[in-house]
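Asker: Coordinates for the following, if possible.
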Amino acid sequence: MAVGFSPLSTGGCSRNSHPAQPAPSPSTTTSENSTVNNKADNNSSSKEDAVAFSLSVPVLIKHVASADIGKKLYKQHCAACHGQSGDGKGIAAPFLFPKPRNFTTGKFRLVSTKNRVPSKEDLEAILHRGMPGSAMPPFAHLKEGELKALVEEVQRLFQDGLRNRYILALKEEEELTDEEIAAEDVQQEIEEFIQLRTTVGPTREVPHIDASDEAAIARGKILYLKKGCNKCHGDTAVGDGLQKMVDDDGYPTRPRDLTRGIFKGGHDVASLYRRIAYGMPGTPMPSSETALKPQEMIDLVHFTLSLSNEEQRQRSILKRQQLTATAVHRLPQTATDSGWSASESVRLNMLPLWWRDNSDPDLQIQALHDGKNIAIRISWQDKTEDRHSARNESFKDAVALELYRGNEEPFVGMGNKKSPIDIWFWDADHQGNPITIKDVYPNTVVDRYPFNEKVVTDPEFDRVGTQTANQPRISLPARASGNPNFPKSGGTGASSLTTNGPGSVTFRIPKSQIVKAQGIYAAERRTVMMTRTLAVNSTSEGIGLKPGDNVSIAFAVWDGSQQDRDGKKLITMWHDLKLEK
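Answerer: Reported below is the predicted structural model:
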């Protein structure tokens, strides 16, 4: 159950007494407010000051929603990235950059309070908006009560992390036993410490910000250069200033390219003001509260917004949309068939799991069905045609869609054990005639193999004895078993897979491979049409569909020129696919 805390008493610690120290200032760093760097120093904080602070701001972290709901939602949507205990080490974390937040240390980037303890509103805003510039998608589609329950679960993980770190300090620094720690006075000390560190401080006020004008933008540009913003973000604000940066956890980071309009904390003027004034705790982005006057920070806000337009800023924000599979009498036969004009094209925003610039591929989706079969056309911008991965340094273009039917929509990153996901996949090197080593390296030669070959007189790769077609079936079990990964002539590039969590993706057996595809490349765009029967013979073939259905759908794109493979890719959030009756 979630733990609630009563106000601190005015008495000193029952086990240790220390002279009163000044209370932490509003500009105290996140690590000072949220981590147990030194238990003795933490205990030396003035209890009287802490009490005065908490009583002046009656906003303690209290748990009013169902803890069970919060835990369930967290496990369902968040644990794969942030970890079961909130330590940021979920099963998907190795594939993500920036890394998922470690809630147990309390290093929250986007806060509006003076003591940098996030309010419920701060956390709920992130769930609503997501965090552009990272792999954190929005969850605005959840009900209000569910969002509040999720917020409370994050706060509980924050408190549990503090408790565990404090107890560890008691064991290591004071060599207390479990029995001594269980004593009433020690438990009270622990709870008082947690309350001190998790009491939400007053919200920082944002001054009135007038509409932007050319004069304000000009002043902001002068301040941008004069105050050294360009040292990190670059003279033209494209993020090409200081590049070798690390955050408080030692992970590499880099300055934001402000011309792309990607802002983790939102691009409204109040949010940008707070980021400039108070920085982003745990990152190299410093606070300017003492270095700049309020009007100067307002001018910087206007200058920053002038570097991008609203269309750019909206592209970085994921929003759940409905895709309609329009009912038609006849499905298009090709990806360029004029029949696609019957379907509305919907643009979906994507985010990179491993951050990179130029990550907006202008993904366009269309869907049609004729009552028996469904066709989905996926089109995206791709400046290079990457057909194969025959060289170590080469990677192929690919696309996948996920389908899920059910009431408990799982983690978009491959689902979970209780909620398997149906995947349709297309990759460039499995369509048409496969690219061979000889195609890539025309001067390839091979060793003498198989050893029963007669005396070798021709060392070239296309010698009769080296041809794949001439190898015994027992030496090529992947081909003999029909493994979809084995290249074959005339393939469509399509595969049908299933997964019930990260690392569990599995090809369906050959007789259950009912997805077909056709991919084309023209004018720097990839277009892939995937088709499948609506009905399935069994769940081994995937999710059955019928007119009137509404299922969850998501997409992933791999760009070979960006060295995308496996978990390094662009993804969408879950969307709704409605099959028209």
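
Asker: Quick one: end-to-end distance for stretch 561-568.
Answerer: Criterion C-alpha to C-alpha, to the nearest Å; first-to-last residue distance in stretch 561-568 is 12 Å.

Asker: residues in contact with Phe425?
Answerer: The neighbourhood of Phe425, defined by C-beta atoms under 8 Å, 6 or more residues apart in numbering, consists of Ala398, Val399, Ala400, Ala494, Ser495, Ser496, Leu497, Val515. C-beta coordinates here come from the backbone N, C-alpha and C atoms, glycine included.

Asker: Not counting its neighbours along the chain, what's nearest the fourth one?
Answerer: Nearest in space to Ala494, with sequence neighbours left out and distances taken as C-beta to C-beta, 6 or more residues apart in numbering, is Ala517 at 3.5 Å.

Asker: The one you found: neighbour count?
Answerer: A count of nearby residues for Ala517, using other C-beta atoms under 10 Å, gives 24.

Asker: Reformat the contacts of Phe425 into TSV and put pLDDT, distance to Leu225 and neighbour count next to each item.
Answerer: Formatted as TSV, the contacts of Phe425 follow (pLDDT from 0 to 100; distance: C-beta to C-beta, whole Å; neighbours: other C-beta atoms under 10 Å):
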residue	pLDDT	distance to Leu225	neighbour count
Ala398	97	44	26
Val399	98	43	27
Ala400	98	45	22
Ala494	95	53	24
Ser495	94	53	21
Ser496	96	56	22
Leu497	96	52	21
Val515	97	55	23
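
Asker: now, which of those sits nearest Ala218?
Answerer: Val399 (45.1 Å; C-beta to C-beta).

Asker: how much space between the closest one and Lys488?
Answerer: Here the criterion is C-beta to C-beta, to the nearest Å. By it, Val399 lies 20 Å from Lys488.

Asker: What strands line up against the longest strand along the chain, and which way round?
Answerer: Identified as the longest strand of the chain according to DSSP state E is strand 421-432. Pairing partners of strand 421-432, with direction, according to DSSP bridges: strand 398-404 (antiparallel), strand 491-499 (antiparallel).

Asker: Going toward the C-terminus from the longest one, what's the next helix or strand?
Answerer: Scanning the chain past strand 491-499 towards its C-terminal end, the next helix or strand to appear is strand 506-507 (assignment: DSSP states H and E).

Asker: who's in contact with the following helix or strand past that next one?
Answerer: Using DSSP H and E, the next helix or strand after strand 506-507 towards the C-terminus is strand 516-522. With contact meaning C-beta under 8 Å, 6+ apart, strand 516-522 is reached by 334-336, 382, 385, 424, 426, 428, 431, 492-494, 526-532.

Asker: Tell me the buried residues in strand 516-522?
Answerer: Going by neighbour count (16 or more other C-beta atoms under 10 Å), the buried part of strand 516-522 is Lys516, Ala517, Gln518, Gly519, Tyr521.

Asker: Test of understanding: give the bridge partners of the last one.
Answerer: In this case it means Tyr521. Arg526.

Asker: Just the pLDDT for it.
Answerer: On pLDDT, Tyr521 comes in at 97.

Asker: and if you look at the third one?
Answerer: Looking at Gln518, its pLDDT stands at 96.

Asker: ok, back up a step: now the strands paired with strand 421-432 as a markdown table including distance to Gly560?
Answerer: As requested, the strands paired with strand 421-432 are exported to a markdown table (distance: least, C-beta to C-beta, whole Å):
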| stretch | distance to Gly560 |
| --- | --- |
| strand 398-404 | 8 |
| strand 491-499 | 14 |
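
Asker: can you map out the strands along the stretch 51-200 of the chain?
Answerer: Using DSSP state E, counting those that start in this stretch, the stretch 51-200 of the chain contains no strands.

Asker: which residues of it score low on pLDDT?
Answerer: 51-66 (pLDDT under 70).

Asker: what's the residue positioned nearest the centre of the chain in contact with, if anything?
Answerer: Residue closest to the average C-alpha location in the chain (C-alpha atoms, centre = their mean): Ala135, at 1.7 Å. By C-beta under 8 Å, 6+ apart, the residues touching Ala135 are Cys81, Leu96, Pro98, Pro100, Leu351, Pro352, Leu353, Trp355, Ile571.

Asker: how far away is the fourth one from Ile126?
Answerer: From Pro100 over to Ile126 the distance is 13 Å, taken as C-beta to C-beta.
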